[in-house]
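A.B. asks: from the sequence below, what's the structure:
(chains A and B)
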Amino acid sequence: MSVITVENISKHYIIDHKRGKGGTTLRDMVSENLRSWFGKKRPDDEEVTHEEFWALRDVNFNIEQGDRVGIVGHNGAGKSTLLKILSRIIEPTTGSVKIRGRVASLLEVGTGFHPELTGRENIFLNGSLLGMSRNEIRRQFDAIVDFAGVEKFLDTPVKRYSSGMYVRLGFAISAHLDPEIMIVDEVLAVGDAEFQKKSLGKMRDNSASGRTILFVSHNLTAVQALCNKTLYFEKGQLLENGETNAVIATYLSKVSRTRLCRSWDTPEEAPGNDQVRIKRIELIPEYQDKLTHIDVRTPMRVRFEFWNMMDSANLNLSMHLNSLTGECIFNVGSKSQPYGKGLVTGECTIPGYFLNDGSYTISMMIVKDTVTPLYHMEEGLTFDVEDYREGVAWYGKWPGYVRPQFQFHMDSLVAEPVK
Amino acid sequence: MKVQEVEIKAGRSERHYWRDLWRNRELLYILSMRDVSVRYKQTALGAAWGLIRPLTTMLIMVFVFSKVAKLQGDPGVPYPLMVLGGITIWTFFSTAFTQVSNSVTLNSNLVTKVYFPRLIMPLSSIAVSFIDFLVSLGLFIILAAWYRFMPDWHLLFVPLFMILAVLASFAFGLFFAVVNVRFRDIGQLIPFIVQVGFYACPIAYSSRLVAGERWYSIYMLNPMVGIIDGFRWSLLGGKAYFNPQSLVYSVAIVLICLLLSVYFFRKRENSFVDDI
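C.D. replies: Have a look, this model is predicted:
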């Protein structure tokens, strides 16, 4: 029996780009309307452009009762939009969804928690926001407190909670919901290891009792551990829908080809200036064990080629590796050397077991005399590093930007008996 | 248990909106209690604020209007009692109106994360002003006892005017709640409206003073005039000035505005999440 039927769902946004300041105030609106009433056009420097954007496009699928469905895809693939439509927070532009059964959606841990209120008060607040009745909350109250381990702090305002306690309390409440369908967005990304194990276990127990679960995560290992079916989204479209292992294999083979090479044939069309122009920038992964995607183990080489248009100059290359949020993780430079007119090439190696899983961008800069940047190509390459773990039963996000394997030496010492 | 079935479709997300609203009445209660409880947390004087505010306003108004400007109150009614009656209902209306106007923006963290009928937010925000109202009413009773003023059967009408004040705060607040989501500068207009309203309504003076003027018929179009005069009339009895005609205007205007506001709110509530 299908509990969720999604037919031709699309969600369409129109984004206004207004040059100049942002934000709508009544003044903007009034002045805009006045202008149009009087038939005057806006001045050119304040031109408004509308950009259409389909967050979801013609999505169709069915979910059977008792399925645990993983939803994977890149940032901006439409996963969250889909969850929000299923949770009735936003309306679809077209299409329809039929849902049979009580839905609890967990788009964040501790929704509506008020910092001034005590743990006890927040359990009732959050519980009823998630759709529990007061009687249900009262019945489950002790179990929730016990699961979260916050007995001692029940009458303390949650603003005095540690972030761990806050998250535990939030999750504990949602874990004791009794819906037929549960929609979960990345909640495993928070909390400590012990707690995550407990939560994942709880979710698995839930599904054993015939509950349907929809689970969005960037963490493929967690999806594989929990879900029997998986939906793969890309640019608002459902690309694949099927057994988890098969879908994840497709996903991985597609993601790593993001933008590993950019090249220009002639200096005229290449980015740069009168002094230097970029010819090619390429990331070459050295896959091992028949892998077809980059994961935390994969070593990579980054190749650079550029045209030097100056007769003679002391040049060096500088490579920045940035996180998706734009933070620079590291910057390495080559030695400065004199070069004549012509093509210059270089290569930099990033070892395996260095970058943590995540999305990264590489930008390159050509520097003269070690001090003057001649050209900085900001948006060079983008690539994803997937997670890989062996012998670890923990599915949370591995913390940190790098994931090195340093020497870790441990000894076991026989303890003296305590007298 | 019966299986719930929901259909989500473009443009008409909820056929069972009012039924859903009823189902969420516990949430309404809990959100109301949240506001009340948060209001008095970490305040040194707690509920005493509900007492201090009307008391000081009353003292100032009595001093300015009665002693300095030498305005005449209703004959046979102590001036402070008249002012306090007006302040009690006006403060209730104006705080409720302000809270309702800000209810959606203040709960923006909920709007983007959970579904519930959005009308719950303005509805639950009224509770706080109701508590203040009760405190202020208590103050009125004490003051009435001080003046040895005995209320009569008119008192039975107090709930009627209360309900009217709730509906009025809702009718006007709901409109601003919606506009506030998209245009945040509207929020700054609200205290101004409340301030102007304080003098435009018969709070510190009696409507008797303007009843003879040529523009009295326009004055009565302010729906709060009928509500405040009526409230005072039911507290202070027949000696207080009350023109039933003004009540007819109040009821008509409030109901029309309420219908329009609720319609407007329902029309826009699905786009809150995009604008907030």
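A.B. asks: who does the longest helix seen in chain B touch, helix- and strand-wise?
C.D. replies: The single longest helix within chain B, with elements called by DSSP state H, is helix B:79-106. The contact analysis (3 or more Cβ pairs under 8 Å, 6 or more residues apart in numbering or on different chains; DSSP states H and E) places helix B:79-106 against helix B:49-61, helix B:120-124, helix B:127-146, helix B:158-182, helix B:189-200, helix B:223-236. C-beta coordinates here come from the backbone N, C-alpha and C atoms, glycine included.
A.B. asks: what mean pLDDT does that helix get?
C.D. replies: Helix B:79-106 comes out with an average pLDDT of 92.
A.B. asks: could you do stretch B:197-211 as well?
C.D. replies: Stretch B:197-211 comes out at a mean pLDDT of 87.
A.B. asks: buried residues, that stretch. List them.
C.D. replies: By neighbour count on 16 or more other Cβ atoms under 10 Å in any protein chain shown, the buried set for stretch B:197-211 is B:197, B:198, B:201, B:202, B:203, B:204, B:205, B:206, B:207, B:208.
A.B. asks: tell me how far the residue lying closest to residue B:144 once chain neighbours are set aside lies from chain A.
C.D. replies: Residue nearest to residue B:144 in three dimensions, not counting chain neighbours: residue B:81, with 6.2 Å by Cβ to Cβ, 6 or more residues apart in numbering or on different chains. Using Cβ to the nearest Cβ, to the nearest Å, one obtains 37 Å as the distance from residue B:81 to chain A.
A.B. asks: next up, the contacts around residue B:81.
C.D. replies: With Cβ atoms under 8 Å, 6 or more residues apart in numbering or on different chains as the criterion, the residues that contact residue B:81 are B:140, B:143, B:144, B:147, B:149, B:236.
A.B. asks: list the buried residues of stretch A:237-254.
C.D. replies: Buried-residue list, stretch A:237-254, by 16+ other Cβ under 10 Å: A:237, A:238, A:239, A:240, A:241, A:244, A:247, A:248, A:251, A:252, A:254.
A.B. asks: ignore what I typed, I meant stretch A:143-152.
C.D. replies: A:144, A:145, A:147, A:148, A:150.
A.B. asks: repeat that for stretch A:411-419.
C.D. replies: Under 16+ other Cβ under 10 Å, stretch A:411-419 has no buried positions.
A.B. asks: closest one of the buried residues of stretch B:197-211 to chain A?
C.D. replies: Of all the buried residues of stretch B:197-211, chain A sits closest to residue B:197, with 20.4 Å by Cβ to the nearest Cβ.
A.B. asks: for chain A, what are the nearby residues on chain B?
C.D. replies: Contact residues, chain B versus chain A (Cβ under 8 Å from any Cβ of the partner chain): B:3-11, B:13-14, B:26-27, B:30-31, B:34, B:37-38, B:41-42, B:109-116, B:182-186, B:270, B:273-274.
A.B. asks: ChimeraX command for the buried members of those residues?
C.D. replies: Selection of the buried residues among the residues of chain B next to chain A in ChimeraX, burial being defined by 16+ other Cβ under 10 Å:
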select /B:6,8,9,10,13,14,26,27,30,31,34,37,110,111,112,113,114,115,116,182,183,186,270,273
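A.B. asks: tell me who's in contact with residue A:103.
C.D. replies: Each residue near residue A:103 by Cβ under 8 Å, 6+ apart is listed here: A:86, A:87, A:131, A:179, A:180, A:181, A:182, A:183, B:6.
A.B. asks: with secondary structure and pLDDT as added columns, please give these in CSV.
C.D. replies: Formatted as CSV, those follow (DSSP: H, G, I helix; E, B strand; the rest coil; pLDDT from 0 to 100):
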residue, secondary structure, pLDDT
A:86, helix, 90
A:87, coil, 88
A:131, coil, 85
A:179, coil, 82
A:180, coil, 84
A:181, strand, 87
A:182, strand, 86
A:183, strand, 87
B:6, strand, 78
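A.B. asks: now the buried members of those.
C.D. replies: Taking 16+ other Cβ under 10 Å as the criterion, what is buried in the contacts of residue A:103 is A:86, A:87, A:131, A:179, A:180, A:181, A:182, A:183, B:6.
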